[in-house]
Each structure stands twice: as C-alpha cells, then as structure tokens.
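*Asks:* here are the coordinates; sequence isn't available:
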C-alpha cells in the first residue's frame, strides 16, 4: 500500500502517514491520524476509507462497513478512494461490491481506460461473464484492441488479414474461438498454416490439435497417417497409439481404400488393414530388440493393446499377433525389474484364460533370480532388480485371484512369506534417507491386504490387530509411505478409533485439491466417533481450502487475462465450478454447522445466538443439488484385487446416491433447527400478508414444508438403506445413514421437530380450548422418552473387552452413543421452544381463571406433561453418563500388556500392542468428550423451566 504514485498531489502527501501506519500494522495510529485529517478536510474520502481499513483489521467489521458504504454512496472517482475501497472489500470477502464501485466510476468517467480495465477485472473476479462482454463493448475501439484480445471471430479475422497476429497467445485465442464455434475446418487451416508455427510453448501442440480436429471431423485417413508419422518419430509416445488403432477400425468399418493415384491423404500414407498395422507395430518392436540401449515399452504395450482390441471385435484367434501368455512373459523378461511393470500388465490380464493363470505365474517365476532356500524354506533376491521382479510376480498373482483362492492356512503361510521378503528387503534401503521409501514396502502392504482378507472372511479380530502392527512397523522404517498411512487411517476408523487418525492425515500433508479428493476419509468418521474437537479441526482443514479457492481462482483468471493465457481461462473456471459444486464441500459445510450447534447451542450461546452467528437461514438452501459433483478419489488405495472384487460403476452410483440422501437429511435437520429461532428466518416481504403480526403464520408454513421434505427424505433414505449395499473395504465408506435409521435417531428427531407445529396450533387455539391437541402433544412427549431410551439401550455394551487372549471391539456402540447425544440435543431444543410458547399461555390462562373464577375450566395437560418430559430427559442423561463412566473404568482396567499374541515375534508384538494402546486411548478420549457434552446438556435441562 505504501507505493503510491503522484507524490506531488497534496492529498497524497497528507495520506502518506496513514498508509505507513497501515503497512506497519499500527492500525490504532492509522485511525487516529485519519480522524485528525478528517477534522481539517471533511471531504477527503480516501482518509475515511483508510480509517475503515484500520477498523476492519482491528475486528470492528460493522463500523468499517458503515464508513465504506458512506463513501461508496458518494460514488467517488478519485484513484486513491477507489483503490482503498477495493482493498477493503477484498479483505471483507465482498468482491461483488467492487463491481458496483467501478460501475459508478465508469458512468461518471466513461473515457477512462483504467476504470474500464478495473471494471472488467472486477467482473472476472465474481464470474459475471455477460457483464464482462458488456464492459468490453462499452469501451472505445482502440481500448478494445489494446487491453485484451477480442472475443469475436470477425475481429480476429480482421487482425489476421492485417497481419497483426504475432504472439502465440493470440493464435491460441483464435483457435479457441473457432473451436467453440464448431468451425473445425477453419481451425485446422489455422493450425496447419503459418499461424500454427507460432505454437511452440508446448511440445507437439500443433500435432495434438490437428489430431483432435481430425477426430472431430472424422477424417480417419489423416488421423491414421499423422499418428503413424508421429509414432515413427517417437515409438514410446503412448497418446498416439489409441488414435492410430481407432482410425484403423473406423477405416475398416467404412471399407475405405486408398486412391489409385497420388497420396493416400494430405498427411501421407494410410494403414487401413490389420496386417499393415500389425506389421508396423512388429517393426517398431524389432527396432527396439536390436538396440544396444534400454528398450522402450511403448511398442510392446501397443501389441498387447492391439490384441485386446482385435479380441473385442471378434477377430479370429489364429490371425492375432501372437499368444497373449507368451507376449506378456516376453514383456516381463524385458521390463520386470521396473515398478511400472505391474500396472502395464495388469490391464491386459483378462487376455489370459483362467486355466492359464497358474502357468503364467510359474513361467514368470522361472525368470526371477533368487538365492538359496533358507531354514524357513524361503529363497530371497540378491539385489533390488531381482527384488522388483519377485515383487511383480507376487502382485500379478494377487491380481489373478491366486491369493484369494487360498484357504486360511495357505493365506497365513503366504503372509509369513511376504513378511520374510519384506524384512529381508530392508537391508537394500539401510542407507536411504528418512523421506525415501524402502524397496520392499510393497511386500508389507500386500501382507496387510491378506490380513484384511482373513479379517473380512473369518471375522477374526486378531487378524486386524496383527495387520495394524505390521503397518505400524512398516511406517517406522518408511515414515513417508502414504499407502501405509492411508490404510492405517482406514483401519483405525473402522475400529472406531479416531485419535491416531488426525496425526496420520496431517502427516500425509495433503495439498490443495487433495482436501476435496481424499478429505472424505477423515470427515466421514470425525464426528460419528465422538471426537468433536478433532472433528472441528478436520472440517476446518477442508473448509479453509474451499474458501481460499473461491478467492484464488478468481485471481488466476484475472492473471490469465492480463498475460494472454486464454487457453487456461476455461480450465480455471471449470476448476472453480468443480470445487463450488463439490459434494464434499457441501457435506463439510453442513456438518460443521451442525457440529457447532451440538457443541455450543444452549451451552456457550443460546440456540438463537448460535444460528445468528452462523447467518443460518431456514428459508435458504445453499446446496446446489442439481449440479453436485462427486470429486472423491475412490481409487486412492493401492489395490491388486482381481476385477470381480474391485469397485464397480454400480458401487460408485449407489455410494453417490447414499451420500446425497444423507446430506439431504443433515441439511434439512439444520434448516429445521434454524426455523425454531426467530433469527433463522429471513424477513420475507412477499409473504407478509399471509403472516400475522409476529410472522408466526409464515414461520409455521415454512416449518411444515421443511418437515414434509424431511419425512419424504427419510422414506427415500429407508429404501436406499434396504438395498444393504456392501462396498469393497478399500472402496467408499458407507454413510451414517443406515445406522441412524436402524437406531431410530432420525425418526425421533423428526418427532421432536414436529412438536413446534403442534405448539403453534396450541398458541393459536389457547390452552382452554384445545384439550385434544394437548393430549396429542402429551403423547408425543411420552413417545420421545421411549424412543430416546431405545437409542440409549442400543448404545449399551462393552466397547472394548478381552475374551481370553483376544481383544474385541464394538465401534457401532460408540456411533450409537453419538446418535443419542445428537437426538437428545434436538429434543432439548424442541422442549426449550415449547417453554417459550407455554409460559405466556399458562400465565394468560391463570389470569382468565382469576377473572372468571370458573371451576369448570378445561383440564390443562401440556404443562404438567412437559415437566414429565424434562424429568425423564434428566434421568436418561444420568443413565448415559453412568454408562460412560462404567465404560471408562472397564477400558482403563484392561491390561493389554498381558495379552499373548500367537505367531508374532517380540518386535512385531510390540507394534501390535502399540496399536491396541492407541485404540484404547482413543476410546477413552471419545467417551470423555461425549460424557462432558452430556453433562452440559444435563445442566441445560436443570435450567429449563416450562
């Protein structure tokens, strides 16, 4: 801010001290200096804005906004005031106000290029694309051509004719315009002409654009010939092989044949038969075989890809370019010592018939150089290349399902072998840096996967404990291994232990968009396992990213306009839309607000104050339901399972359906809670005639509408839950929805929220004229107590217990306890709402009685039964707190050190017991947090007088 121009201007000289104070963070002195200046120069608007900036930075947002609005209303046109207001509105996260500022300035000074430029950028910042065009057309012709490149084809063509296009960015812009207009022929002429020669910043930019246009135009001969030329230059450039094969099959389908005379097409000769393409690929392989240097993988993979495509088209087996098994063994011989070999071959394993699987693995094993067998019967590789070959064979065995077909003893023997190879391989990385992975890490990970197979198939919890111990050991040797951390994170969450997960996720050091793609692994379990402070922290991880993205992407777009990187602008806009429409963003936003209500509502602040602090409105649904995007990375875990055990498209569809239904339930719960408070209702002018003086009629109709939606959503959710979709363990986690429905939490919450409708009816009718309605309300009170008792009963049991030498967990009990806490909080808020309505009604009735002295006044049920509700709630909370206390004592008393772990070495046992200690500690932390919150709720009930 200190770098200001025009120092000869007397106002600049007067403002200089205020800028300096603000730059140095001395906001108090900046405000005092501004006040002094304003006493002498009342019309110095910039001083007033700089004072507002000081107030904003001292946390006095309302005062700052009021001052800013005063200046904005005067529609200033001096550069100092405009820039200062722009800075202030950015700090307030109100970029839309900057547009209004410059709209007014442009109207007053229509010939100012600078103000037009600022207005254009302000529109870009808030995504007002139509107004950006209007801002451009409002400027004179000279400005339109100097400030930014024209967005109309006619204007660019004029520039081409006048030979004014010189920069690569201008050619990119021309190409984008033609492409979006669907003028592919014209775009192709531009790329292949002299202008295309300017596209030099990206490797093969011209060729890729030509290939894309040929494909769109379905000019398959040119597509084929161009791909062929490019593959001759670089046979390892995979992006052109698919185009080469696709064009072949399109030409075959069209029965295309080359012309008798001249070139096949403008790009050269065309391969239009399978024989020609096979010959071309074989020639590339022959060249690689004859090389002294390391062979390139592209041609060998191209042969497998061609075979896969020919098989799909039903091409005769005898005419295929070889036997898949032999070709894959050949590929393994050449590239088996590369880590990418498994990912290369895995996608072509379907070319093998089931009876070839064992033969294939045996053939590969023959190529792996291993040393002599030791006492334990295992032979180990002598170097890292041999280790990589052996590891690849193990990975391919798992991908073919050979691990899964073993019985329990076979799997235990396999685990022993994998662990032996893992421990042997550690010697190769003994001098590695801490940040480097061990060569044998994948053996450890695969052994963990086999443990998980045994756990899911047999239900033996010993397997998951040993798996945790093995992964903890792996992490001690390879502290940067993300796969170890992710799998530990998943298993701890599945066991209901959230405490170790926070550090694991933090150590992953998730960057930027990863908070959207893998953040669900953390936020799914945070609140449901009772770790509320950690839940707030994990929600903040994600929300911080989403909020900063909204600001950052606007800046990226503006920079792209400034520097002519027009091709990037649609990408930045797409990124912003992708993140604003993110399912995870909507979930985290909703869960964070609910969490704040459960932690603070009627404890730190009243429910009404909490709703007001969040600016929460029951009338506004801020979730973009129609455009929600599932950005989760559901393949983040390394997985070698065979295809039939992997995540399917149906799994993805059902998971998204389930996530969306649960989000609807949570969003409606939040809006219904907001509707219990006056501040949760935005002032509605349109419906004011329908409402009575207090707006109760309007509130009542909104609350009824939300309740109707809530009940419909619960019905739809029950139908989804009935499908009982089982996802692979390494796939998406199930939501809390099925548990919430089975434990009765959702329906109990719905019944509690329905109370407000009955109370509004009672308020309209009065206590003395509504005995039937009162009986109905009393029945709801009784029903709520019964339902809450059932939820609490389903939460009782031993969370962690020792049976003989085995440690057993029941994490679902912890989740049910959290459901009880959430539900009892909602019942309490409904009871508090009842109190607000019943107190004045009872007082009014007592006054009437005194006046009438009528002994036959209708019997009043509701106030008496509301006391019954509060009394029983107090008892339920006492029960819950006692149960938690008992669990804490039981878990603390467990002597895990005395457990004997079979089949484990002393070192392995120490890691396993460390994992058990973490789970034990996490359970105690969860119970303590839930217990503390229940005690606070019990205090709230004592103060609740109906």
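*Replies:* Yep, that arrived. In this text the structure is predicted, and so the values were computed from the model without any measurement.
*Asks:* And the strands in this structure?
*Replies:* For the chain, the strands defined by DSSP state E cover 370-373, 379-381, 800-803, 806-809.
*Asks:* Make TSV out of those and add mean pLDDT, distance to residue 790 and mean neighbour count.
*Replies:* Yep, even glycine has a C-beta here, placed from its N, CA and C like the rest. Conversion of the strands of the chain to TSV gives the following (pLDDT from 0 to 100; distance: least, Cβ to Cβ, whole Å; neighbours: other Cβ atoms under 10 Å):
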stretch	mean pLDDT	distance to residue 790	mean neighbour count
strand 370-373	83	61	11
strand 379-381	91	58	18
strand 800-803	88	23	16
strand 806-809	90	23	17
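*Asks:* for the ones you listed, which one sits closest to residue 297?
*Replies:* strand 379-381 (22.1 Å; Cβ to Cβ).
*Asks:* circling back to that earlier point, select, out of the strands of the chain, the one closest to residue 183.
*Replies:* In terms of Cβ to Cβ, the element of the strands of the chain nearest to residue 183 is strand 379-381, at 59.1 Å.
*Asks:* sorry, back to before: let me have the strands of the chain in TSV, extended by distance to residue 928.
*Replies:* Converted to TSV, these look like this (distance: least, Cβ to Cβ, whole Å):
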stretch	distance to residue 928
strand 370-373	53
strand 379-381	48
strand 800-803	14
strand 806-809	18
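*Asks:* of all those, which lies closest to residue 205?
*Replies:* Residue 205 lies closest to strand 379-381 among the strands of the chain, at 43.9 Å (Cβ to Cβ).
*Asks:* mind giving me the domain split of the chain?
*Replies:* 10-134, 511-676+700-743, 767-848+859-945 (the TED database).
*Asks:* Take the ones you listed and lay them out in TSV including distance to residue 176.
*Replies:* Below are the domains of the chain laid out as TSV (distance: least, Cβ to Cβ, whole Å):
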stretch	distance to residue 176
domain 10-134	14
domain 511-676+700-743	6
domain 767-848+859-945	51
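*Asks:* Which among the strands of the chain is found nearest to residue 621?
*Replies:* Across the strands of the chain, the minimum distance to residue 621, taken as Cβ to Cβ, is reached by strand 806-809, at 38.5 Å.
*Asks:* Please work out which residues outside the closest one touch it.
*Replies:* With contact meaning Cβ atoms under 8 Å, 6 or more residues apart in numbering, strand 806-809 is reached by 461-462, 465, 495-496, 798-802, 894, 896, 899, 916, 919.
*Asks:* From the residues you listed, which one has the minimum pLDDT?
*Replies:* Within the contacts of strand 806-809, pLDDT reaches its minimum at residue 899, with 76.
*Asks:* I figured residue 325 was touching residue 349, is that so?
*Replies:* No - using Cβ atoms under 8 Å, residue 325 is not in contact with residue 349, being 10.5 Å away.
*Asks:* Now do the contacts for the residue lying closest to residue 379 once chain neighbours are set aside.
*Replies:* Counting by Cβ to Cβ, 6 or more residues apart in numbering, residue 370 is the residue found nearest to residue 379 once chain neighbours are left out, at 4.0 Å. Residue 370 sits next to 379-382, 386, 390 when contact means Cβ under 8 Å, 6+ apart.
*Asks:* OK, contacts around residue 529?
*Replies:* Residue 529 touches 493, 496-498, 811, 814-815, 818, 922, 926, counting by Cβ under 8 Å, 6+ apart.
*Asks:* give me that answer again for 10 Å
*Replies:* Going by Cβ atoms under 10 Å, 6 or more residues apart in numbering, residue 529 touches 492-493, 495-499, 501, 535, 811, 814-815, 817-818, 922-923, 925-926, 929-930.
*Asks:* Looking at the strands of the chain, which is nearest to residue 263?
*Replies:* Evaluated over the strands of the chain, closeness to residue 263 peaks at strand 379-381, with 54.1 Å, by Cβ to Cβ.
*Asks:* Go ahead and confirm residue 922 touches residue 495.
*Replies:* Yes - the pair residue 922 / residue 495 is scored as a contact, 8.7 Å apart, by Cβ atoms under 10 Å.
*Asks:* Now the common contact residues for the two.
*Replies:* The contact sets of residue 922 and residue 495 overlap at 529, 800 (Cβ under 10 Å, 6+ apart).
*Asks:* All the helices of the stretch 251-400 of the chain, residue numbers only.
*Replies:* For the stretch 251-400 of the chain, helices defined by DSSP state H, counting those that start in this stretch occupy the ranges 274-290, 298-312, 324-335, 341-346, 357-367, 384-399.
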